[in-house]
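Novice: any chance you can model this:
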Amino acid sequence: MNTIMARAIEQIKDKIARESLKPGDKLPTLNQLAIEIGVSRTVIREAVISLSSDGLLESRHGVGVFVRDRSASPPLPNFSDAVLEPLSKFKASFMDLLELRLAFEVHAAGLAASRHSWGQESSIWDAANRFEKALDNDEELDEWDVAFHRAIAEATNNSAFIEFFNLMSTHMMPRPAFSRALNPTLITPEYIQQTVHEHRAICEAISAGDASQAQEAMRAHLQRSHQRYRSVQENKNPYNTAPVRD
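Specialist: Just a heads-up that it's a prediction; the model follows:
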């Protein structure tokens, strides 16, 4: 887990303890929490998802986020929970997960091109632009890269795609991924700049409503990650021990 997210999780827990919030008490909105803690809304959303998985919080669609009563019986799972829950326990190799990610995100990009709203298109571009502005900050590169791919999943307007991304993103997109300290020979200025160009190509295809081009742009983007990570494995470079993507 990256340090920004870990810090957000701990500060939410501290807020609950400090303000003596009880089961059923409602937390501030994601935007308010983001401002209070000093992180992006994307980080807060991921922190809430993590704390909900741990049973501390409960998100009620269209209502808000509440402190959960851990002594109460857990709610009966809905169909999607029952189907997707085992996926969170995947023990597959990172290379296998990259192939799964490729299949999932290529299709998601095509759906996003066909179905996105103006606001969703704006969110995709915003994440891509913020990634480009964070070139010297490894943690922010990780944060905005995840935000970019999440925004595309949300633009599919398919609840199963969105839920799958929320559940599996930490497995398919392990972090830190843009750490120059862990991957000094791979995470170079040229590598990051190429990611910027690839993000922009995906954005342009989605904005144009070109599903085929969006799929091809996403495929090229993720295949480069796949090929580079495979190269690391084959060369067994001791300096490149972290999973590489994007």
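
Novice: contacts for stretch 198-213?
Specialist: Stretch 198-213 has contacts (Cβ atoms under 8 Å, 6 or more residues apart in numbering) with 109-114, 116, 121, 124-125, 128, 131-132, 148, 152, 155, 214, 216-218, 220-221, 224. Using the backbone N, CA and C atoms, a C-beta is placed for each residue, glycine as well.

Novice: make a PyMOL selection of the buried ones in those.
Specialist: Burial among these is assessed by 16 or more other Cβ atoms under 10 Å; the matching PyMOL selection reads:
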select buried, resi 109+110+111+112+113+116+121+124+125+128+131+132+148+152+155+214+216+217+218+221+224
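
Novice: counting only helices, which of the contacts of stretch 198-213 make the cut?
Specialist: Per DSSP state H, helices hold the following members of the contacts of stretch 198-213: 109-114, 121, 124-125, 128, 131-132, 148, 152, 214, 216-218, 220-221, 224.

Novice: which SSE is the residue minimising distance to the centre of the chain in?
Specialist: Taking Cα atoms, centre = their mean, the centroid of the chain lies closest to residue 146, which sits 3.6 Å from it. For residue 146, the element it lies in under DSSP states H and E is helix 138-154.

Novice: elements contacting whichever helix or strand comes after that helix?
Specialist: Per DSSP H and E, helix 138-154 leads on to helix 159-172 as the next helix or strand towards the C-terminus. Under the contact definition 3 or more Cβ pairs under 8 Å, 6 or more residues apart in numbering; DSSP states H and E, helix 159-172 sits against helix 79-84, helix 94-115, helix 138-154.

Novice: average pLDDT for the helix or strand where residue 34 lies?
Specialist: Using DSSP H and E, residue 34 sits in helix 30-37. Helix 30-37 carries an average pLDDT of 91.

Novice: what does stretch 116-134 give?
Specialist: The average pLDDT within stretch 116-134 is 91.

Novice: which ones are touching residue 37?
Specialist: Applying Cβ under 8 Å, 6+ apart to residue 37 gives the contacts 7-8, 11-12, 44.

Novice: again, but for residue 224
Specialist: Counting by Cβ under 8 Å, 6+ apart, residue 224 touches 194, 198.

Novice: pLDDT wise, what is it at?
Specialist: For residue 224, pLDDT reads 84.

Novice: next: residue 175.
Specialist: At residue 175, pLDDT is 65.

Novice: put the alpha carbons of stretch 46-61 into CSV.
Specialist: Extracted in CSV, the C-alpha atoms of stretch 46-61 (Å, rounded to 0.1, in the frame of the first residue of the first chain):
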residue,chain,number,x,y,z
GLU,A,46,-9.6,4.1,-2.0
ALA,A,47,-9.2,4.5,1.7
VAL,A,48,-12.9,4.2,2.3
ILE,A,49,-13.0,1.1,0.1
SER,A,50,-10.2,-0.5,2.1
LEU,A,51,-11.9,0.4,5.5
SER,A,52,-15.2,-0.9,4.2
SER,A,53,-13.5,-4.2,3.3
ASP,A,54,-12.1,-4.3,6.8
GLY,A,55,-15.6,-3.9,8.2
LEU,A,56,-15.0,-0.5,9.8
LEU,A,57,-17.1,1.6,7.4
GLU,A,58,-20.2,1.0,5.3
SER,A,59,-20.9,2.9,2.1
ARG,A,60,-24.6,3.4,1.2
HIS,A,61,-25.0,4.4,-2.4
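
Novice: tell me which residues of it come out buried.
Specialist: 46-52, 56-59.

Novice: please apply the same query to stretch 24-37.
Specialist: Neighbour-count burial for stretch 24-37 flags 27, 30, 33-34, 37 (criterion: 16+ other Cβ under 10 Å).

Novice: thanks a lot, see you next time.
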